[in-house]
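*Asks:* pasted the sequence and its predicted model underneath.
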Amino acid sequence: MRLTRFTDLALRVLMRLAVEETDLPTTREVAAAMEVPYTHTAKVVAKLQHLGLVEARRGRGGGLALTAAGRSASVGGIVRELEGAGDVVDCDGTVPCPLRSACILRGALRRAQEAFFAALDPLTVNSLVAAPTGPLLLGLGSGAPVAAAPGAQSPGR
């Protein structure tokens, strides 16, 4: 299973906000730190706000903050919500698959998808930012060189 860019960015935004202790970063600052377009980040933040995971404060001293629900939210639940309940393969699409009525693969893919989500269920947003990830996130966008943890691989983003 592959996550959409929207879900990937949403998880990274939540992780970035989870490590913020004092300042409330703006959507523009989070976008810059994550090296993604502001417009994409704004759409993600709006959805996370709608889900009650992020609070956006306007005006002087405003910015983005993770809510208590956001901190304790299950990563599996967040991914389910953002990815939707659709099948991995669209067997009933514009041109329906001729095997759909007797296909064993469809059920196997559905079980694999649920196993994917189930593997993410025990993780919370807070658990995603334990060391070494949290300190690395704090350095993003600060202009300071960010050292990867020993043995860590580049995320390829």
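*Replies:* Now that the structure is in, tell me what you want to look at. Numbering: from 1, shown residues only.
*Asks:* packing partners for the longest helix belonging to the chain?
*Replies:* The longest helix of the chain (DSSP state H) is helix 104-120. Helix 104-120 makes packing contacts with helix 75-83 when contacts are defined by 3 or more CB pairs under 8 Å, 6 or more residues apart in numbering; DSSP states H and E. (C-beta placed from N, C-alpha, C; glycine too.)
*Asks:* can I get the helix it packs on in PDB? Just the C-alpha atoms.
*Replies:* Extracted in PDB, the C-alpha atoms of helix 75-83 (Å, rounded to 0.1, in the frame of the first residue of the first chain):
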ATOM      1  CA  VAL A  75      -1.700   6.900  13.300                       C
ATOM      2  CA  GLY A  76      -3.800   4.100  11.800                       C
ATOM      3  CA  GLY A  77      -6.900   6.000  12.500                       C
ATOM      4  CA  ILE A  78      -5.500   9.200  10.900                       C
ATOM      5  CA  VAL A  79      -4.400   7.300   7.800                       C
ATOM      6  CA  ARG A  80      -7.800   5.500   7.500                       C
ATOM      7  CA  GLU A  81      -9.500   8.900   7.700                       C
ATOM      8  CA  LEU A  82      -7.300  10.600   5.100                       C
ATOM      9  CA  GLU A  83      -7.000   7.700   2.700                       C
END
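*Asks:* and that helix, what other elements does it pack with?
*Replies:* helix 5-19, helix 104-120, helix 125-128.
*Asks:* quick one: buried residues of the longest one?
*Replies:* For helix 104-120, the neighbour count (16 or more other CB atoms under 10 Å) marks 106, 109, 113, 116-117 as buried.
*Asks:* just these now: which is nearest Gly76?
*Replies:* Phe117 (4.7 Å; CB to CB).
*Asks:* now do the same contact list for the closest residue to that closest one other than its chain neighbours.
*Replies:* Leaving aside its chain neighbours, Phe117 sits nearest to Gly76 (4.7 Å; criterion: CB to CB, 6 or more residues apart in numbering). Residues near Gly76 by CB atoms under 8 Å, 6 or more residues apart in numbering: 117-123.
*Asks:* just the pLDDT for Gly76.
*Replies:* Looking at Gly76, its pLDDT stands at 94.
*Asks:* so how far is Asp87 from it?
*Replies:* Distance of Gly76 to Asp87, given as CB to CB, to the nearest Å: 18 Å.
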